[in-house]
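Asker: Below: sequence and its predicted model.
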Amino acid sequence: MGDSDIATLITLAFAGSVGMTFLVLACALPQHNWWPFFVVMFYIASPFPVLISRRYSDGSSSSSACHEFAVFLTTGIVISAFSLPVVLARAPSLAPVITWGSCGLILAANIVMFLTIVGFFIAFNSEDLSYNMW
């Protein structure tokens with residue numbers, strides 16, 4: 001594991017911690033509640049379709065039906081992560097479920113976290129790495 005791999009890993013860990021800090025702030029600031037934390041389920045679920053499709057692909061072509069369906073599912077998960085806070089902020093009741101400030105922090109957390117996940121796939125996609133079990 002070279003110095004550039006360690007620097008990449010440290011950068012991705014820092015970006016992930018910044019994203020989670022935004023999410024915790026969305027839950028912990030005054031007049032906010034814990035509902036925004038449900039977005040973590042989308043962070044956990046988003047890499048699985050692509051990881052499963054890589055596991056079961058034949059490797060002969062870069063575009064297969066399995067891979068395209070996995071990208072479709074991942075896109076749906078990412079869009080759901082961005083739409084959940086907006087729906088919670090616009091909930092039709094006397095008082096919305098979350099505030100718009102909390103919604104903004106969640107959207108910022110989503111951007112940082114999904115860019116971190118994409119960065120992980122880009123950084124550790126090569127086949128010559130010994131820890132390429134992802």
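Answerer: Nice, I can see it.
Asker: From now on I want contacts and neighbour counts done on CA atoms only, so please keep to that.
Answerer: Will do.
Asker: Which elements pack onto the lowest-mean-pLDDT helix or strand in the chain?
Answerer: The helix or strand of the chain with the poorest confidence is helix 48-55; it has a mean of 90 (mean pLDDT, DSSP states H and E). Packing partners of helix 48-55 (3 or more C-alpha pairs under 8 Å, 6 or more residues apart in numbering; DSSP states H and E): helix 65-89.
Asker: Using the three-state scheme, assign H32.
Answerer: Per DSSP: H, G, I helix; E, B strand; the rest coil, the secondary structure class of H32 is coil.
Asker: Number of residues surrounding it?
Answerer: Neighbour count for H32, taken as other C-alpha atoms under 10 Å: 18.
Asker: roughly how far apart are it and R90?
Answerer: Counting by C-alpha to C-alpha, to the nearest Å, the gap from H32 to R90 is 15 Å.
Asker: and whichever helix or strand T11 is part of, what other elements does it pack with?
Answerer: Element membership for T11 (DSSP states H and E) is helix 3-28. In terms of contacts (3+ C-alpha pairs under 8 Å, 6+ apart), helix 3-28 is packed against helix 100-123.
Asker: For the helix it packs on, list every residue counted as buried.
Answerer: Counting neighbours by 16 or more other C-alpha atoms under 10 Å, one finds that the buried residues in helix 100-123 are 100, 102-110, 112-117, 119-120.
Asker: Stretch 68-81 too?
Answerer: By neighbour count on 16+ other C-alpha under 10 Å, the buried set for stretch 68-81 is 70-71, 73-74, 77-78, 81.
Asker: Can you name the residues that contact I77?
Answerer: Under the criterion of C-alpha atoms under 8 Å, 6 or more residues apart in numbering, the neighbours of I77 are 42, 45-46.
Asker: By neighbour count, which of these wins?
Answerer: Highest neighbour count within the contacts of I77, by other C-alpha under 10 Å: S46, with 22 neighbours.
Asker: ok, that one touching A70?
Answerer: No - contact criterion C-alpha atoms under 8 Å: S46 and A70 do not qualify, at 9.8 Å.
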